[in-house]
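>>> Structure here, sequence nowhere to be found:
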Ligand code: NAD
């Protein structure tokens, strides 16, 4: 799928939802179109030569500020893709009640072709270009990691921004997804994969949806196929296999496919890829082949890129449930075919919102300059200890030693982040699923999520008086 088709897919779903809501054309158009997209071309001297790089930052909707969205490092990135992703960010934040508008950025680069010090120079130059136009700014535009970028790049961006604005006390809030020792928050790296896990758990609590997908029970024993074993795919696979006993039968990567009908050991695979640089040589290895997407399974998790399931291959899907960990992996036409075939789809707008949710927590932490739980932890422990002592006094028995520690325990930053993420994923799912089941004009969770998002953004614009 071309990036133009990706943007068209996102816009067509929007049009369908706007029609259903009978939104006036002017307002619908205002919400749909990106407010601005900035293209920058900048030179960097590397290895004695000057290289010119192209970068983008698109701002989709400023009904709430700052606007938020990752910066992707990919050789195929372009304006259409960035605008599609920025629009999805606006809808995602509205659906999940995250108080941000939508934005997205990209740097046209293959990050795997450059050494670390080159990437640092390029990232710092890109930061200068964006920061001088307030396209990186704690109160206006706050990037995060996306495909091809991670903690390292975010640390460079934060440091460069602080150098440009040494007296700005909230400078660290200019970007999220930083390492914890550079103002990041515990649980951010795993957040999107963790959100996929929480989203799937919530799906299995909603029996109406489970029946619709012709499934039963829980995640236990369900066969899962994952495409993309990067930040999102790896963490989702790890948590689903180790904590929910799901069976990850297939991991599809760029350089190969791992298949094991009894379930892949996800930690071993990750260690193998770190040690050897790829999937080759791991038990169950096959040459790269997308046909593995269409094997028997209960749950399919595309976690790599957009446009993977198209009208040409949608009929081949055997999964009962697809959860879109990646942005836009199913095209508009494929979505219709899957809907007709009874495949339930948990849409990207909801499914990968864990990242922006925990980014929101990180941004709040940076503005308040205090770690979550720092004030409460010992106080809660003291309160719990008093309760334990009271129980012991009332019963004349000693509280079991093996339970004492867990009952006493006060919240840590990580436990609070997970609790906030769990709550956000449950609340978002309930809103989406309730809407889907209560309005018979709405035929999918995707349409329900889009309708909710547009309603909220439209309300915000109307109350702003435009
Ligand atoms: P990543 O770069 O860490 O991982 C992507 C993985 O997909 C890599 O391992 C890559 O080798 C693999 N891949 C690329 N092309 C592939 C192909 N054709 N077949 C199989 N594997 C392929 O990126 P990520 O951060 O995990 O992002 C993945 C998706 O999740 C993207 O769509 C991104 O927009 C979305 N997302 C990411 C976050 C986040 O917090 N990182 C948040 C929301 C959404």
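Everything's here; your move. Computed from a predicted structure; not experimentally measured.
>>> ok, now which ones touch the residue of the stretch 201-350 of the chain found nearest the ligand?
Closest approach between the stretch 201-350 of the chain and the ligand, counting by C-beta to the nearest ligand atom: residue 230, at 1.7 Å. All C-beta atoms are positioned from the backbone trio N, CA, C, and that covers glycine. Counting by C-beta atoms under 8 Å, 6 or more residues apart in numbering, residue 230 touches 147, 303, 304.
>>> and those residues near the ligand, which?
When contact is defined as C-beta under 6 Å from any ligand atom, those meet the ligand at 147, 303, 304.
>>> Secondary structure of the last one: a strand, I assume?
No - note on residue 304: no strand contains this position according to DSSP: H, G, I helix; E, B strand; the rest coil, which reports coil.
>>> Quick check: residues of the stretch 101-250 of the chain near the ligand?
So far as C-beta under 6 Å from any ligand atom goes, the stretch 101-250 of the chain lies against the ligand at 145, 146, 147, 148, 192, 227, 228, 229, 230, 231, 232, 233.
>>> 5 Å instead?
By the rule C-beta under 5 Å from any ligand atom, the part of the stretch 101-250 of the chain lying against the ligand is 146, 147, 148, 192, 228, 230, 231, 232.
>>> could you give the mean pLDDT of stretch 188-200?
In this model, stretch 188-200 has an average pLDDT of 97.
>>> circling back to that earlier point, what backbone torsions are found at the residue of the stretch 201-350 of the chain closest to the ligand?
phi -100, psi -150 (degrees, to the nearest 10).
>>> Return the residues in contact with the residue of the stretch 351-466 of the chain at minimum distance from the ligand.
Residue nearest to the ligand within the stretch 351-466 of the chain: residue 355 (3.1 Å; C-beta to the nearest ligand atom). Residue 355 sits next to 70, 144, 145, 177, 188, 191, 192, 195, 232 when contact means C-beta under 8 Å, 6+ apart.
>>> quick one on the thing from earlier: what pLDDT is listed against the residue of the stretch 201-350 of the chain closest to the ligand?
pLDDT, residue 230: 95.
>>> Ok, residue 305 next?
For residue 305, pLDDT reads 92.
>>> Hmm, it is touching residue 148, no?
No - between residue 305 and residue 148 there is no contact under C-beta atoms under 8 Å: 10.5 Å.
>>> picking up where we left off before, please narrow the contacts of residue 355 to those residing in strands.
Mapping those onto strands (DSSP state E) picks out 70, 144, 145.
>>> quick one: which of those residues is nearest the ligand?
For those, the minimum distance to the ligand (C-beta to the nearest ligand atom) is 5.2 Å, reached by residue 145.
>>> neighbours of that closest one, just the number please.
Residues near residue 145, counting by other C-beta atoms under 10 Å, number 26.
>>> Next: residue 7.
Using other C-beta under 10 Å, the number of residues around residue 7 comes to 22.
>>> just residue 79 next, same as before
18.
>>> Same question for residue 267.
13.
>>> pLDDT score for the residue nearest to residue 270 when sequence neighbours are not counted?
Excluding its sequence neighbours, the residue lying closest to residue 270 (C-beta to C-beta, 6 or more residues apart in numbering) is residue 234, at 5.9 Å. On pLDDT, residue 234 comes in at 98.
>>> which residues of the stretch 51-200 of the chain score low on pLDDT?
For the stretch 51-200 of the chain, no stretch has pLDDT under 70.
>>> Would you map the helices across it?
Assigned helices in the stretch 51-200 of the chain, in chain order: 79-95, 116-131, 151-164, 191-205 (criterion: DSSP state H, counting those that start in this stretch).
>>> Now do the third one against helix 116-131, angle only.
Between the direction of helix 151-164 and that of helix 116-131, the angle (axes from the mean of the first three to the mean of the last three C-alpha atoms, to 10 degrees) works out to 50 degrees.
>>> And helix 151-164, how far out from the chain middle?
21 Å (C-alpha atoms, centre = their mean, to the nearest Å).
>>> Deepest in the core, which of the helices of the stretch 51-200 of the chain is it.
When the helices of the stretch 51-200 of the chain are scored by mean count of other C-beta atoms under 10 Å, the highest mean neighbour count falls to helix 79-95 (a mean of 27).
>>> near the ligand at all, that one?
No - using C-beta under 5 Å from any ligand atom, we find that helix 79-95 stays clear of the ligand, coming within 6.7 Å at best.
>>> Would you pull up how far that helix lies from the middle of the chain?
12 Å.
>>> Does residue 149 touch residue 70 like I think?
Yes - between residue 149 and residue 70 there is a contact at 7.1 Å, judged by C-beta under 8 Å.
>>> Contact residues of the stretch 351-466 of the chain facing the ligand?
Counting by C-beta under 5 Å from any ligand atom, the positions of the stretch 351-466 of the chain adjacent to the ligand are 352, 355.
>>> Could you pull out the helices in the stretch 351-466 of the chain for me?
The residue ranges that make up the helices of the stretch 351-466 of the chain, judged by DSSP H, counting those that start in this stretch, are 354-368, 377-395, 401-408, 413-438, 445-464.
>>> swap in the stretch 201-350 of the chain?
Secondary structure of the stretch 201-350 of the chain (DSSP H, counting those that start in this stretch): helices at 207-212, 231-243, 266-276, 332-340, 348-351.
>>> Out of those helices, which one sits most buried?
With neighbours defined as mean count of other C-beta under 10 Å, those peak in mean count at helix 348-351, which reaches a mean of 29.
>>> so who does the residue positioned nearest the centre of the chain touch?
Central residue of the chain (C-alpha atoms, centre = their mean): residue 352, 3.3 Å from the mean position. Contacts for residue 352 (C-beta under 8 Å, 6+ apart) come out as 92, 192, 195, 196, 232, 324, 325, 326, 327.
>>> Distance of it relative to residue 306?
12 Å (C-beta to C-beta, to the nearest Å).
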